[in-house]
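Trainee: Coordinates for the following, if possible.
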Amino acid sequence: MADQVVVHRFAPDGETAEDITARLRTAGAEILDAQPHMLLVSGARDGIARALSGARSWRMADLKTVPPPSTRQRVLKPPS
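Mentor: Residues are numbered from 1 along each chain as shown. Coordinates of the predicted model:
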């Protein structure tokens, strides 16, 4: 199964998102969502890491999902 990772840019200098997108596609990764400084990528983790190995100011991070908070109100103190 392909991993989903976030590829993000942490400094203004370096390659553009278009250059990184081209590198990732040649490595066999699928771009799921693209923004100027962040990409959501699906593919083999080692292939993505190899594609980013020479890229300045671009890093890879795991995709983490956070469940939404419960909207059900709880009684903190019973009525007296």
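
Trainee: If you count residues, where's the longest helix of the protein?
Mentor: helix 17-26 (DSSP state H).

Trainee: Who are the packing partners of that helix?
Mentor: If you count contacts as 3 or more CB pairs under 8 Å, 6 or more residues apart in numbering; DSSP states H and E, helix 17-26 packs onto strand 3-9, strand 30-35, strand 38-43, helix 45-52. All C-beta atoms are positioned from the backbone trio N, CA, C, and that covers glycine.

Trainee: which one of these lies closest to residue 59?
Mentor: strand 3-9 (6.1 Å; CB to CB).

Trainee: what angle sits between the closest one and strand 38-43?
Mentor: Orientation check (axes from the mean of the first three to the mean of the last three CA atoms, to 10 degrees): strand 3-9 against strand 38-43 gives 150 degrees.

Trainee: List the strands paired with strand 3-9, with their directions.
Mentor: strand 38-43 (antiparallel), strand 58-62 (antiparallel) (DSSP bridges).

Trainee: Deepest in the core, which of those strands is it.
Mentor: Of all the strands paired with strand 3-9, strand 38-43 carries the top mean neighbour count, a mean of 20, counting by mean count of other CB atoms under 10 Å.

Trainee: outside of that strand, which residues touch it?
Mentor: 2-9, 17, 20-21, 24, 27-34, 48, 63 (CB atoms under 8 Å, 6 or more residues apart in numbering).

Trainee: Repeat the analysis, applying 10 Å as the threshold.
Mentor: 1-9, 17, 20-21, 24-25, 27-34, 47-48, 51-52, 58, 60-61, 63 (CB atoms under 10 Å, 6 or more residues apart in numbering).
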